[in-house]
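J.: Mind looking at a prediction? Sequence and model below.
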Amino acid sequence: MAIVIIRQDSKIELWKNALQKADSSLKVYSYLEDHPKDEITMAVIWKHPAGSLAVYPNLKCIASAGAGVDYIFEDDTRPKNIPITRIVDPFLAGDMSEHVLAVIFAHLKNLNAYKLDQVANVWEPKDYLRIKDVTVGILGLGELGSLTATDLSKYGFNVQGWSRSKKKIEGVQTFFGEDQQQNFLASTDVLVCLLPLTPTTQGILNTFFLSQLPKNAYVINVARGGHLVDEDLLELLDSGHLSGACLDVYHTEPLPTTHPFWNHKKVHMTPHYASVSDTNSVMPQIVDNYKRLISGKKLLHLVDSDKGY
């Protein structure tokens, strides 16, 4: 029995070495090296090449190396009847919360606009907002959304959240279901999308949805690029209904250089790095799940394949 690491970035060796450091008895391979495919029982993956999972006849578990799993369901060639797990990590959630807080403060204090003025040699003081002036709405109250909402509330923000099912979070007004969605949007000045990407949430950030926000609302998407209809966002920004947007995720990554987001003054971008798995922090749960897999115990942080998260 062995583990294979499958990812298309430069972190394969980092993850391989970290797993072996966490437990020297483990047999861990990179999918790029020669390895006995029939021995692989767990694949630890992140945005793997389509079809790369289909070559392991004895695969028993697909372990996402991050909180997101939407990319796994996009691969129709993956083994369908084996468990999928994801990362649940306090550093991952904490990093996301800090990123969102930084973006909101940059918005309130016009830091992005001032940077544009600096480049253009323009001196123009601007009216700013205070914490008390805005209501932050968190769209999606899973692990990341719940912690972000709680942290913002502790910082003094008026925070509300929406989810598919009823949630209770101290210091946060919660809405749930489609019937309460309109009221949630109508009272949200800064919208933070932290939904999982599923067929139901694909394209949810569209004209119909975003136009229900108050005029001059601000949109932050740190979930998945597939949630956003790019053209609809641009139209709402150009019409003046939305005051701006900060995006960390995109339909195609890296974002093509011809995309209009690059040169739009109201769009602020980060390269899908709001929150990344801390290698040393997540290794214990991956090793634990591998041992559970071997011993036949229930795996931790299982993904509901019907829901897609």
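T.: Received the coordinates, thanks.
J.: pLDDT below threshold where in this protein?
T.: Within the chain, no range satisfies pLDDT under 70.
J.: Would you map out the domains in it?
T.: Domain ranges of the chain: 2-89+277-295, 90-269, per automatic domain parsing.
J.: Now tabulate the ones you listed in JSON lines and tack on distance to residue 308.
T.: Quick note: C-beta positions are derived from backbone N, CA and C, even for glycine. Formatted as JSON lines, the domains of the chain follow (distance: least, C-beta to C-beta, whole Å):
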{"stretch": "domain 2-89+277-295", "distance to residue 308": "6"}
{"stretch": "domain 90-269", "distance to residue 308": "4"}
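J.: Any chance of a markdown table for those domains, columns mean neighbour count?
T.: Below are the domains of the chain laid out as a markdown table (neighbours: other C-beta atoms under 10 Å):
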| stretch | mean neighbour count |
| --- | --- |
| domain 2-89+277-295 | 17 |
| domain 90-269 | 17 |
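J.: what's in contact with the longest helix anywhere in the chain?
T.: Ranked by number of residues, the top helix in the chain under DSSP state H is helix 90-108. Identification of contacts with helix 90-108 by C-beta atoms under 8 Å, 6 or more residues apart in numbering yields 66-67, 111-112, 128-131, 133-134, 136, 143-144, 147-148, 151-152, 155, 157, 190, 192, 194, 218, 220, 222, 243-244, 246, 248, 268, 270, 274-278, 281-282.
J.: sorry, back to before: wait, which of the domains of the chain is closest to residue 307?
T.: domain 90-269 (6.7 Å; C-beta to C-beta).
J.: Tell me the secondary structure at residue 181.
T.: helix (DSSP: H, G, I helix; E, B strand; the rest coil).
J.: For residue 243, see how far away it is.
T.: As judged by C-beta to C-beta, to the nearest Å, residue 181 and residue 243 stand 21 Å apart.
J.: Next: residue 185.
T.: The value you get for residue 185 to residue 243, if C-beta to C-beta is used, is 15 Å.
J.: Where do the strands of the stretch 101-250 of the chain begin and end?
T.: Assignment of strands within the stretch 101-250 of the chain using DSSP state E, counting those that start in this stretch yields the ranges 135-139, 158-163, 173-176, 190-193, 217-221, 242-247.
J.: Now render those strands as JSON lines, adding distance to residue 77.
T.: Formatted as JSON lines, the strands of the stretch 101-250 of the chain follow (distance: least, C-beta to C-beta, whole Å):
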{"stretch": "strand 135-139", "distance to residue 77": "31"}
{"stretch": "strand 158-163", "distance to residue 77": "32"}
{"stretch": "strand 173-176", "distance to residue 77": "36"}
{"stretch": "strand 190-193", "distance to residue 77": "29"}
{"stretch": "strand 217-221", "distance to residue 77": "29"}
{"stretch": "strand 242-247", "distance to residue 77": "30"}
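J.: so which of those gets nearest residue 118?
T.: Evaluated over those, closeness to residue 118 peaks at strand 242-247, with 17.1 Å, by C-beta to C-beta.
J.: Who are the packing partners of the helix or strand following that closest one?
T.: Of the helices and strands lying after strand 242-247 in sequence (DSSP states H and E), the nearest is strand 267-269. Strand 267-269 is packed against helix 230-238, strand 242-247, with contacts defined by 3 or more C-beta pairs under 8 Å, 6 or more residues apart in numbering; DSSP states H and E.
J.: measure the residue positioned nearest the centre of the chain to residue 185 for me?
T.: The centre of the chain sits closest to residue 223, judged by C-alpha atoms, centre = their mean, with a distance of 3.5 Å. Look at residue 223 and residue 185: by C-beta to C-beta, they are 16 Å apart.
J.: Also residue 289?
T.: When residue 289 is compared with residue 185 (using C-beta to C-beta), they lie 38 Å apart.
J.: just residue 10 next, same as before
T.: The span separating residue 10 from residue 185 equals 40 Å under the rule C-beta to C-beta.
J.: who touches residue 294 in this structure?
T.: Residue 294 touches 1, 41, counting by C-beta under 8 Å, 6+ apart.
J.: Mind telling me what element it is part of?
T.: Going by DSSP H and E, residue 294 is in helix 279-295.
J.: Now do that helix against helix 90-108, angle only.
T.: Put simply, helix 279-295 runs at 140 degrees to helix 90-108, going by axes from the mean of the first three to the mean of the last three C-alpha atoms, to 10 degrees.
J.: so who does the closest residue in space to residue 160 that isn't next to it in sequence touch?
T.: Leaving aside its sequence neighbours, residue 160 sits nearest to residue 173 (C-beta to C-beta, 6 or more residues apart in numbering; 4.2 Å). Neighbouring residues of residue 173 by C-beta under 8 Å, 6+ apart: 159, 160, 161.
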